[in-house]
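Colleague: Quick one, what's the 3D model for this:
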Amino acid sequence: MHLSNALKLRKNFYIGPKKDHDFYSVNNEQLLGLNYYYLEQYQNALSHYNKGLSQGKSFPETYLTGLIHNGIANIYIKLNKATEAEEELSKAKRIAEETQYLQLKEEIYETAQKIYMLKNEVSKIKEYKEKKDSVEAQLDIETKNLFNDLLSKEIKKNSQTKKFTLANNIVLIIVMAAMIFSCIYFFYYKKAEDRTNKRFKAIIAELNRRAGEKKSMQTHYENKMMFGANNDLKGESDLNQLDKSSNNESPYLINKSNLEDINLMTAFTEEKLLKKLEDFEGTDLYLRNDMSLPSLASFCKTNTKYLSRIINSRKGMDFNNYINTLRINFIIEKLNNDPEYRKYKIAALADESGFSSQNKFATVFKKITSISPSVFIKYLQDQQQDPYEESQS
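Modeller: Numbers count the residues shown, from 1 in each chain. Just a heads-up that it's a prediction; the model follows:
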């Protein structure tokens, strides 16, 4: 439907060499503006967009004019000029409503979300997200209908002319069905790829954040060690008392006689154990195949039940998931910082990070990161080969 509308517009307004030349010139300027936008050369992009608007004055506004206004709005967003961006977008909206061009509406609604994110207007963000989702659904339907119409017309034509054999008709149907399937597959594959790419970038950002946090904490603890020796001695006595309680029937058996003592020691003891866990995370002991809850309890100088309680309540996971998370974070850091690790086989990475098998490593890696190890390594390699894309992110 929209393709036919576009053809009618061209027939009405672009008859003759001069009109054709103007149309293609405007189209070229719009594409140049878009390319310079992605190169972050915003002044060059604005120059080409404005040149396109100037050349397009010789014919009525079309979806191409709307794309230019939308492109200018995106530039203003990058320059943190929300008001100017909103003004340009309103021009694009008006053209979109007049032409009913769904692809233009989809671009506009996406830009609108960026503007209102800049202005921190949550209700507007939600409103335009719903509009964009609605347009995408319509585009899906129109695409499917277009292919179905083409398929129906082709089948009808074949039936009327009787020029093709049954075998040829079957081949044609298979080809058309394959085209439809390919389009649908590409659409969902692209969305899945976008989600994976966002997840990869989030992992790298978190990795960088932890590296900075670790450096800051290291400086903090070095300063603290100069003044906190006496407090550490006092803390050790409480932990020793906790160890003695682990030899009794149960460290959590609370009665009237010990309730007050437990309440008094809990806050200090938990902080002390958390510090022990931080010390543990600074070692590579979690990479050992035989690492167990009793082993970690021995390192922390406490009992297994109390340690398990601390890991569950303060780390938000059980012991196995805690150790697996440390191992995966370790191997992610190695892969990110040392390109040699990206040449290792998955089995070698599993062994390096303390897992008993390649399958277990791959399962845990994907559970924690939502990305398989091989895909994660591929993204790292692509990022290394394309530093420009990395700087854009």
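
Colleague: Any stretches of this protein with poor pLDDT?
Modeller: Scanning the chain with the threshold set as pLDDT under 70 gives 1-20, 155, 158-160, 162-164, 166, 185-191, 211, 213-265, 386-393.

Colleague: where's the residue nearest to the spatial centre of it relative to Ile125, distance?
Modeller: Against the mean C-alpha coordinate of the chain, by C-alpha atoms, centre = their mean, the closest residue is Lys198 at 1.8 Å. Using C-beta to C-beta, to the nearest Å, we find Lys198 at a distance of 17 Å from Ile125. Quick note: C-beta positions are derived from backbone N, CA and C, even for glycine.

Colleague: now the helices for the stretch 151-300 of the chain?
Modeller: Applying DSSP state H, counting those that start in this stretch to the stretch 151-300 of the chain gives helices spanning 166-227, 229-246, 259-281, 293-300.

Colleague: Give the buried residues for the helix or strand following the shortest one.
Modeller: On the C-terminal side of helix 293-300, the closest following helix or strand by DSSP states H and E is helix 304-310. Using 16 or more other C-beta atoms under 10 Å as the burial criterion, the residues of helix 304-310 that qualify are 304, 306-308, 310.

Colleague: from those, which is closest to Leu34?
Modeller: Here the nearest of these to Leu34, counting by C-beta to C-beta, is Ile310; it sits at 54.0 Å.

Colleague: so who does the closest one touch?
Modeller: With contacts taken as C-beta atoms under 8 Å, 6 or more residues apart in numbering, Ile310 has the following neighbours: 270, 273-274, 277.

Colleague: What about the residues you listed, which one has the most neighbours?
Modeller: In terms of neighbours by other C-beta atoms under 10 Å, the contacts of Ile310 top out with Leu273 at 23 neighbours.

Colleague: Show the contacting residues for it.
Modeller: Taking C-beta under 8 Å, 6+ apart, one finds 239, 300, 302, 306-307, 310 in contact with Leu273.

Colleague: Return the closest of those residues with respect to Asn148.
Modeller: Ile310 (60.4 Å).

Colleague: how close does that closest one get to Gly316?
Modeller: Computed with C-beta to C-beta, the distance linking Ile310 and Gly316 is 11 Å.

Colleague: Tell me which helix or strand comes right after the strand or helix carrying Leu349.
Modeller: The secondary structure element spanning Leu349 is helix 346-352 (assigned by DSSP H and E). Beyond helix 346-352 on the C-terminal side, the first helix or strand identified by DSSP H and E is helix 358-369.

Colleague: mind listing what's buried in the next helix or strand after that next one?
Modeller: For helix 358-369, the following helix or strand on the C-terminal side (DSSP H and E) is helix 373-385. Buried residues in helix 373-385, defined by neighbour count with 16+ other C-beta under 10 Å: 373, 375-377, 379-380, 383.

Colleague: ok, now stretch 90-109?
Modeller: 91-93, 95-96, 99, 101-102, 104-109.

Colleague: Compute the first-to-last residue distance for it.
Modeller: Terminal residues of stretch 90-109 are spaced 11 Å apart (C-alpha to C-alpha, to the nearest Å).

Colleague: what about that stretch, distance to the chain center?
Modeller: 27 Å (C-alpha atoms, centre = their mean, to the nearest Å).

Colleague: same deal with stretch 25-33?
Modeller: 31 Å.

Colleague: next one: stretch 100-111
Modeller: Stretch 100-111 has its average C-alpha position 23 Å from the chain's average C-alpha position, going by C-alpha atoms, centre = their mean.

Colleague: repeat for stretch 26-39
Modeller: Average the C-alpha atoms of stretch 26-39, do the same for its chain, and the two points are 26 Å apart (C-alpha atoms, centre = their mean).

Colleague: can you list the residues that contact that stretch?
Modeller: Counting by C-beta under 8 Å, 6+ apart, the neighbours of stretch 26-39 from elsewhere in the structure are 42, 44-49, 51-52, 55-56, 64-65, 67-68, 71, 74-75, 78, 392.

Colleague: Filter these down to the ones in helices?
Modeller: Within the contacts of stretch 26-39, residues falling in helices by DSSP state H are 42, 44-49, 51-52, 55, 64-65, 67-68, 71, 74-75, 78, 392.

Colleague: Quick one: neighbours of Trp121, just the number.
Modeller: Check again: residue 121 is Glu, not Trp. When counting by other C-beta under 10 Å, one arrives at 14 neighbours for Glu121.

Colleague: Now, of the ones in helices among the contacts of stretch 26-39, which are buried?
Modeller: Once neighbours are counted (16+ other C-beta under 10 Å), the buried part of these comes down to 42, 45-46, 48-49, 51-52, 55, 64-65, 67-68, 71, 74-75.
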